[in-house]
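# here is my input, please return the structure:
(one chain, ligands or ions: 1)
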Amino acid sequence: MSSRRRRAPGGVTYDDVTGTLRERTLTALRDPGLAANLRSAGTAWAEQREVMDRDYGFNEMRDRARDIRRANIRALPALLTQLQHRVRENGGTVVRAADAAEACRYIVGLARARGVGMVAKSKSMATEEIKLNDALEDAGLEVVETDLGEWILQLAHEHPTHIIAPAIHLNKEEVAALFRAESNGDVPDDREGLVAHARMRLREKFAQAEMGISGVNLAVAATGTVCIVENEGNIRLVTSQPRIHVAVMGMERVVADWDEAAHILQVLPMAAIGYDAANYVNLISGPRREGEADGPEEFHLVIVDGGRGALRGSEFEEALSCIRCGACLYSCPMWRNVGGQTYGSPYSGPIGAVITPLLEGPSSPGSRDLPFMSSVCGACGDACPVGIPLQDLLVKARARSRSPATTKAGWAFRLWSLLWRRGLTYRLTIVGWRLGLRIRGRGGWVHRLPGPGRAWTSVRDLPSRWPPRR
Ligand code: SF4
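Below is the predicted model of the structure:
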């Protein structure tokens, strides 16, 4: 199976991201197929979310979900200690990794020590974040993505565009072309035929894999159980068929007990896909025990800090409540037009624009402009099932950013403040503004402003009289 690191023609990979965020955005905006695919996915999601609110009172459920997650983050050190003890009591191994390198080193070392040749993976944002596939492939292991969307992206040498629906930017014709290239044979054109083809190809791989690697949606501290939600059934195979199961989680994904887990596991699919339940919820409490018919011989839980610990107690602490449902992506007018790959980071959309600079550092070249990938309209905060005030965090992230946009905006606001502090200069700017609008106006509207105003009028007109006549 080929690595994702090779660039596909036209494909975007964040290991090999080129151009500025602005250039990537403009490239995405020129792709009419991408916008159409994203818009249809976003519309379907919005319709289903309305059903959830109407039939289940989803909006009320969010309040409890927010309270649970905030309490979890406040109690994080104690919950993680309890989780570790319980997993070990259940016969599993727990590893706390400070960063991506430490996590990859442990997993690669384990694979080598156990003579593993092939790894079956399920969808996991944490493994995307730590670039685990690259580390495993560099060590000579074959890695097979078994989530349908992830497998499609592996064939396309691309990275996910959405947390829950990774290949949503591709249509079925593009998927069929990828399957044909992979199998060198006939592949049906219809959706059912494509799914059946993928199932047949992936089943062969499950039988050969010696190690299964999954993510974790939630870990329950009271019992040492990891919960993994899915719709395809591949995670059941990844976590039970190979003789070793490695689960990788960000350190914030822990809840206290089953009562909390049950609520979050209900809210998650409602927010993510607009359905009241996921097809499968896998609950894994350690390796196979004596007398049990199936399950792995070894279970390893890798808990990654990766910059999260430093966020506790900071003005960004609420970002740790995220349950990675992807709702803020669908609700974001920016994401709906350019897709997740444009962000150049595993986490895209509003939550990606907030946490990527925090996890990678505000001055990292890939992340410094990301907080500006938002109109700050507040739709993301409204969509979030755990009440993260994303629009507020985006504004705070902008203030921290060393982006040239911050510097320019800073100077513009300083000048504005200087002019409007005095009556005379205030009146002069108003007179100048009105005069300018009249001069440039045609038929009551200004269609094109010069300088920094050009971008504003490229998508809207301005009344040439101020204040506008009613
Ligand atoms: S920030 Fe909220 S809406 Fe966005 S992925 Fe996280 S939980 Fe979902």
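# now the residue in the chain sticking out farthest from the centre: how far from S417?
Distance from the C-alpha centroid of the chain, by C-alpha atoms, centre = their mean, peaks at L424 (50.0 Å). According to C-beta to C-beta, to the nearest Å, L424 and S417 sit 15 Å apart. C-beta: built from backbone N, CA, C; applies to glycine.
# one step back: the residue farthest from the centre of the chain sits in which helix or strand?
Assignment of secondary structure by DSSP states H and E places L424 within helix 423-440.
# in stretch 127-138, what's buried?
With burial defined by 16 or more other C-beta atoms under 10 Å, the residues of stretch 127-138 counted as buried are T127, E128, E129, I130, K131, L132, N133, A135, L136, E137.
# next one: that stretch, is it in contact with the ligand?
No: if you take C-beta under 6 Å from any ligand atom as the test, stretch 127-138 misses the ligand, and the best it gets is 13.9 Å.
# from here on, call the first residue 350.
With the count now opening at 350, the last piece we talked about shows up as stretch 476-487.
# output that stretch in PDB with nothing but the alpha carbons.
C-alpha atoms of stretch 476-487 as PDB (Å, rounded to 0.1, in the frame of the first residue of the first chain):
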ATOM      1  CA  THR A 476      -2.700   9.300  14.500                       C
ATOM      2  CA  GLU A 477      -3.100  11.900  11.700                       C
ATOM      3  CA  GLU A 478      -1.800  14.500  14.200                       C
ATOM      4  CA  ILE A 479       1.300  12.500  15.200                       C
ATOM      5  CA  LYS A 480       1.900  11.400  11.500                       C
ATOM      6  CA  LEU A 481       2.000   7.700  12.600                       C
ATOM      7  CA  ASN A 482       1.600   6.300   9.100                       C
ATOM      8  CA  ASP A 483       4.800   8.000   8.000                       C
ATOM      9  CA  ALA A 484       6.700   6.700  11.000                       C
ATOM     10  CA  LEU A 485       5.400   3.100  10.400                       C
ATOM     11  CA  GLU A 486       6.100   3.200   6.700                       C
ATOM     12  CA  ASP A 487       9.600   4.600   7.300                       C
END
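# and L669, what pLDDT?
L669 carries a pLDDT value of 98.
# how close does the closest residue to R747 other than its chain neighbours sit to A702?
Among residues not flanking R747 along the chain, P720 sits closest, at 4.5 Å (C-beta to C-beta, 6 or more residues apart in numbering). From P720 across to A702, the span is 5 Å (C-beta to C-beta).
# overlap in contacts of the two?
L743, A746 (C-beta atoms under 8 Å, 6 or more residues apart in numbering).
# which one's more surrounded, the two?
A count of neighbours by other C-beta atoms under 10 Å puts A702 above the other of P720 and A702, at 29 against 26.
# chain neighbours aside, what residue packs nearest to the more buried one?
Leaving aside its chain neighbours, A702 sits nearest to L719 (4.4 Å; criterion: C-beta to C-beta, 6+ apart).
# cool, and I577?
N631 (4.4 Å).
# for the helix of greatest length in the chain, give me every contacting residue.
Secondary structure assigned by DSSP state H gives helix 381-405 as the longest helix of the chain. Outside helix 381-405, the residues that touch it by C-beta under 8 Å, 6+ apart are 377-378, 407-408, 510-511, 514, 517-520, 619-620, 622-625, 676, 679-680, 684-688, 732.
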